[in-house]
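Trainee: Next input, structure requested:
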Amino acid sequence: MPATEETYRRQSTLNVVFAISSIAMLLTMVWMIMADHVRPWKRVQREFHQVEEAKLEVAEQLKAEEQNERYSTDLELIKTEIEEAKQTEARNRDKIREQQKKIDQFKARYDLLDTQTKFKKAELDSKRSEYDLIIDKGDKAGARSYLATVIIPTEDQYRKLAIDLENITKDLRKAEDELAELRGRIDDKIKQKEDLERDVSRIQRALAQKRAQYGQGTGFWGRSARAWPSSAACRWLTWLRRRRGSSRSAFPS
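Mentor: Reported below is the predicted structural model:
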């Protein structure tokens, strides 16, 4: 029998059935998401977060006003000093680059000495333990020999490394202080400014975290997320859920 292109069912009918089933599945998924979104406790939760956000906004405004009243002069002075420090940093750019290379060398030397000192300390502790074992065995001559040939030289090596580490630490701190001076001590001034603005910054961080966590931004999507629970579609879903509940209760169990 020759092959034909005819199918068991009409292709146009299958296309229509597939399209209708796909649309039905899409509507079902949208309905599931919306039904989960309009649960009663979630509505209360959203209202609570909106109230909390409003309280934070008021607190932010009050703290900003208090900050302006108490620290306005200090803030203006610090901002001026920060701008001057930025200019100083720009003028000393070449010196800062050279000083940073010097600091990197000190840090590499410090890391090496710090590692060597720690290993030498561990080695010295191990040798002292061996010396104690010799003492416990009652070998006084061996203990004296071990002390003179092993313990004392290791202690001298450890002491020299500790002194070198202390010296390189002083050199590193001095170099870092010189770098801060070349940069106009801008980091210290920025920290002073942050200390003055700490309360307002803390409230702003809490407010931003809450908006990011619950999708309540200031843009279009944030406003839509706040307005959606009271939309007509959500009210329709609430009515439908109540309708289903009443129809189920009408049947005997």
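Trainee: Now do the SS call for residue 138.
Mentor: Here residue 138 is recorded as coil under DSSP: H, G, I helix; E, B strand; the rest coil.
Trainee: any idea how far residue 146 is from it?
Mentor: Noted for residue 138: a distance of 14 Å to residue 146, by C-beta to C-beta, to the nearest Å. Any C-beta I mention is one placed from the backbone N, CA and C, and that applies to glycine too.
Trainee: Which one's more surrounded, the two?
Mentor: Neighbours were counted for residue 138 and for residue 146 using other C-beta atoms under 10 Å; residue 146 has more, 18 against 8.
Trainee: does that one really touch residue 132, like I thought?
Mentor: No. Counting by C-beta atoms under 8 Å, residue 146 sits too far from residue 132 to count as a contact (10.5 Å).
Trainee: pLDDT value on residue 3, please?
Mentor: pLDDT, residue 3: 59.
Trainee: Next: the one 4 residues further on.
Mentor: Residue 7 is assigned 72 on the pLDDT scale.
Trainee: What of residue 109?
Mentor: 95.
Trainee: ok, now residue 85?
Mentor: 89.
Trainee: which element is it on?
Mentor: Per DSSP states H and E: residue 85 is located in helix 40-91.
Trainee: what do you get for residue 9?
Mentor: Assigned by DSSP H and E, residue 9 falls within no helix or strand.
Trainee: pLDDT weak spots in the stretch 1-150 of the chain?
Mentor: Scanning the stretch 1-150 of the chain for pLDDT under 70 picks out 1-4.
Trainee: ok, now with 80
Mentor: Within the stretch 1-150 of the chain, the ranges that satisfy pLDDT under 80 run 1-9, 37-40, 42-43, 45-46, 49, 56, 60, 62-75.
Trainee: which residues touch the residue lying closest to residue 175 once chain neighbours are set aside?
Mentor: Of all residues not flanking residue 175 in the chain, residue 103 sits nearest, at 4.9 Å (C-beta to C-beta, 6 or more residues apart in numbering). For residue 103, the contact set (C-beta atoms under 8 Å, 6 or more residues apart in numbering) comprises 172, 175, 176, 179.
Trainee: now the angle from the strand or helix carrying residue 131 to helix 40-91?
Mentor: Using DSSP H and E, residue 131 sits within helix 93-136. Interaxial angle, helix 93-136 versus helix 40-91 (axes from the mean of the first three to the mean of the last three C-alpha atoms, to 10 degrees): 110 degrees.
Trainee: buried residues in the very next helix or strand once past helix 93-136?
Mentor: Downstream of helix 93-136, the next assigned helix or strand under DSSP H and E is helix 140-146. Across helix 140-146, burial judged by 16 or more other C-beta atoms under 10 Å covers 143, 146.
Trainee: Against which helices or strands is helix 140-146 packed?
Mentor: Here helix 140-146 touches helix 93-136, going by 3 or more C-beta pairs under 8 Å, 6 or more residues apart in numbering; DSSP states H and E.
Trainee: shaky segments in the stretch 151-253 of the chain?
Mentor: 196-253.
Trainee: cutoff 70 now
Mentor: 213-253.
Trainee: check which helix or strand covers residue 192.
Mentor: Element membership for residue 192, per DSSP H and E: helix 186-196.
Trainee: between that helix and helix 40-91, what angle do the directions make?
Mentor: If you take the same axes, to 10 degrees, helix 186-196 sits at 150 degrees to helix 40-91.
Trainee: Starting from helix 186-196, tell me the next helix or strand along the chain.
Mentor: Trace forward from helix 186-196 with DSSP H and E and the next one is helix 198-213.
Trainee: tell me which strands and helices that next one is in contact with?
Mentor: If you count contacts as 3+ C-beta pairs under 8 Å, 6+ apart, helix 198-213 packs onto helix 40-91.
Trainee: quick one: what helix or strand has residue 173 in it?
Mentor: Residue 173 is part of helix 152-182 when elements are defined by DSSP H and E.
Trainee: All set, thanks.
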